[in-house]
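Peer 1: for reference, the sequence and a predicted model appear below.
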Amino acid sequence: MKAYKNLLDAVNRGTLWIAILAAAVMSVLVILQVVFRYAIQSSLSFSEELARFLFVWTAFLGSAVALAKRAHVSIEIVVAHLPRKLKRGAILVTNGLGAIFFLILIVYGILMTIRTLDQTSAAMELSMGFVYVVVPLSGLIMLMNLVYNGYEEFMNPDIIKSEGVE
Amino acid sequence: MMIPLILFGSLAILLVLNVPIAVALGLATTFALLQSGLPLLVVVQRMVTANDSFPLLAIPFFMLAGSIMTYGGVSKRLVAFADALVGWLTGGLGIVSNVSGMFFSAISGSSAATTAAVGSVMFPEMEKRGYDRSFSAAIIAAAGETGIIIPPSVPMVVYGVIAGVSIGDMFLGGFGPGILMGTTMAVLVYFVSRRHGYKGSSFGGLRKLGKSFLDALWGILMPVIILGGIYGGIFTPTEAAAIASLYGVLIGFFVYKDLKVSHFPKIMQSTIVSTAVVMFIMNSAGLFGWLIAREQIPDAFARFFVSISSNPTVFLMLVNVLLLFTGMFLNASAAITILAPILVPVAIQLGIDPVFFGVIVVCNLAIGCLTPPVGVDLFVASTISGVSMARLSRAIVPFLVVLIADLVVLTYVPAITMWLPNLMR
């Protein structure tokens, strides 16, 4: 598990930096879009579309980073108050269900990417496959994080508690 | 009939099981899709389509602007101005927390960020001055209340996109309710403080007040730039949010000089994580909402509701009860993405202005940030203060009473919300 955790940390760091890069380019694009319109009096044709696509990448990769940090919102109150044995059972079910969803994102994400490879976007004529491919990619990273989080929760069910100071 | 049952039934079970809200929405829809025989490719397609939206791009930019402003030294200057303005009143520090919360709301689109920014500065001060710890913790939690009501506001962007109404109108509609709620809470703090004998500091003079105002002015100007830009036709809300981030960088580097290049990895990371938390839910909700619309559930709900009562007053009252209950368990953006597609068509059919309705929905869910068991402002305040959730949940009750009274007033006096948007239309 230790080696897996090291690998996971490296993957998460890489994911975060790609997301930061995408978000930074997206911010500069939208600011430039305004600058071009007023200062140079000509509008950029591709900025809005590219910013939207980078937003999709930022949001999906960011979801993976957020999962690693256990930042996603869930209603913990019921499971947090279960007796230990039941809590373990709930942890298995919850993470099993999560794994199913991420597998759907991976499998159907790959299918969707293949299907949209020869569809092109309106402004940049970029293959839509480049947009959809972030779904299976982030699905895989989320699944990897879920495996570790689930293992940690199962070994130490007290992680799941209502937030704030008890 | 089978599909709505699967959709809402499995969603409820998944949520109770502590499945993340975004995953629960996605899975519930998947189960319903399997039943209806539609291809699962739709899951991926609808999630990406929901995300591929220029108006929603305002969300990361408002998060970014708020984060830059916090690191850039804006929050402490807002607190200093609030202190010079109201710190001399009885219960001064408490009222300063309230007023700083309102100021900070004008640069932040989230209520947790507002509570965190105000609380980390003000809680230690109140503790030093001998304020009751539970009372102080409740004050800083309540200071976050206006974070999503006074513009900018992330849930208002979400509502605007889902209901198809102007985000600029939503922002303008937030001013009246935000000021009402902030002020009435300050009055509450004043009376409680008078009973406990919490004295204020002495008035520092007009000179000091003027200086702190000029110092804080750069931050207070942010909504003016955003709304001025939108209504002046200079830029869209999304562009306004990006420009607000640039503005934050400029004043952080060149005016206050508190912002450092080394802050940026942290600023970007917090922006990305908080954006992703909202967007993952939005994307799944896009999928969920698509199936709801396809199954014509909103129409069925509207027909069902109108058959009971076509009285807008009754409808608004029921909506308030429903949302106060929902807000106890769901955060504002999640509740809006799930409920707005069902409620807004009914509101429109009953002749309620969708902007007014949206502001009421947001005010309602802002109260939800302060209600146990799941209230994000309570969690943040509890973490900052070390006061337990159980004690804080009791201490917050007087604030909730005041806010619910405000909500009733807002619901039945639409002018408080609508005078500004109507002025601009």
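Peer 2: Yep, that arrived.
Peer 1: quick check: which element contains the most centrally placed residue in chain A?
Peer 2: Geometric centre of chain A, nearest residue: residue A:63, 2.7 Å, by C-alpha atoms, centre = their mean. In this assignment (DSSP states H and E), residue A:63 forms part of helix A:47-68.
Peer 1: output the lowest mean pLDDT helix or strand found in chain A.
Peer 2: Using mean pLDDT, DSSP states H and E, the weakest-scoring helix or strand in chain A turns out to be helix A:77-80, at a mean of 88.
Peer 1: anything in that helix near chain B?
Peer 2: Yes - using C-beta under 8 Å from any C-beta of the partner chain, helix A:77-80 comes into contact with chain B via A:77-80. Just so you know, the C-beta spots here come from the backbone N, C-alpha and C atoms, and that holds for glycine as well.
Peer 1: now chain A against chain B: closest residue?
Peer 2: residue A:62 (2.9 Å; C-beta to the nearest C-beta).
Peer 1: quick check: that residue touching residue A:19?
Peer 2: Yes - under the criterion of C-beta atoms under 8 Å, residue A:62 makes contact with residue A:19 at 5.1 Å.
Peer 1: around the closest residue to residue B:60 other than its chain neighbours, how many other residues sit close by?
Peer 2: In space, and not counting its chain neighbours, residue B:60 is closest to residue B:275: 4.2 Å by C-beta to C-beta, 6 or more residues apart in numbering or on different chains. When neighbours are counted by other C-beta atoms under 10 Å in any protein chain shown, residue B:275 registers 28.
Peer 1: please, which helix or strand holds residue B:275?
Peer 2: Residue B:275 is part of helix B:264-294 when elements are defined by DSSP H and E.
Peer 1: still on that earlier bit, for the residues of helix A:77-80 next to chain B, which one is nearest residue B:107?
Peer 2: Of all the residues of helix A:77-80 next to chain B, residue A:77 has the smallest distance to residue B:107: 32.0 Å, by C-beta to C-beta.
Peer 1: wait, what's in contact with the closest one?
Peer 2: Applying C-beta atoms under 8 Å, 6 or more residues apart in numbering or on different chains to residue A:77 gives the contacts A:162, B:329, B:373-374.
Peer 1: if we can go back for a sec, per-residue confidence at the residue of chain A closest to chain B?
Peer 2: Looking at residue A:62, its pLDDT reads 97.
Peer 1: repeat for the one 3 residues further on
Peer 2: Residue A:65 is assigned a predicted lDDT (pLDDT) of 97.
Peer 1: the strands in the stretch 151-300 of chain B, which residues?
Peer 2: Per DSSP state E, counting those that start in this stretch, the stretch 151-300 of chain B carries no strands over any range.
Peer 1: residue in the stretch 251-400 of chain B nearest to chain A?
Peer 2: For the stretch 251-400 of chain B, C-beta to the nearest C-beta, closest residue to chain A: residue B:276, 2.9 Å.
Peer 1: residue contacts, that residue?
Peer 2: Contacts for residue B:276 (C-beta under 8 Å, 6+ apart) come out as A:58-63, A:65-66, A:71.
Peer 1: any idea how far the residue lying closest to residue B:394 once chain neighbours are set aside is from residue A:83?
Peer 2: Once flanking residues are discounted, residue B:394 sits nearest to residue B:134: 7.3 Å by C-beta to C-beta, 6+ apart. Residue B:134 is 30 Å from residue A:83, where distance means C-beta to C-beta, to the nearest Å.
Peer 1: of those two, which one has the most company?
Peer 2: In terms of neighbours (other C-beta under 10 Å), residue B:134 is the more surrounded of residue B:134 and residue A:83; the figures are 17 against 8.
Peer 1: element containing the closest residue to residue B:270 other than its chain neighbours, please.
Peer 2: In space, and not counting its chain neighbours, residue B:270 is closest to residue B:67: 5.4 Å by C-beta to C-beta, 6+ apart. Secondary structure from DSSP H and E places residue B:67 in helix B:58-71.
Peer 1: what's the following helix or strand past that helix packed up against?
Peer 2: Where DSSP H and E defines the elements, the next helix or strand beyond helix B:58-71 is helix B:74-86. Helix B:74-86 sits against helix B:92-105, helix B:111-128, helix B:206-220, with contacts defined as 3 or more C-beta pairs under 8 Å, 6 or more residues apart in numbering or on different chains; DSSP states H and E.
Peer 1: fine by me, we can end here.
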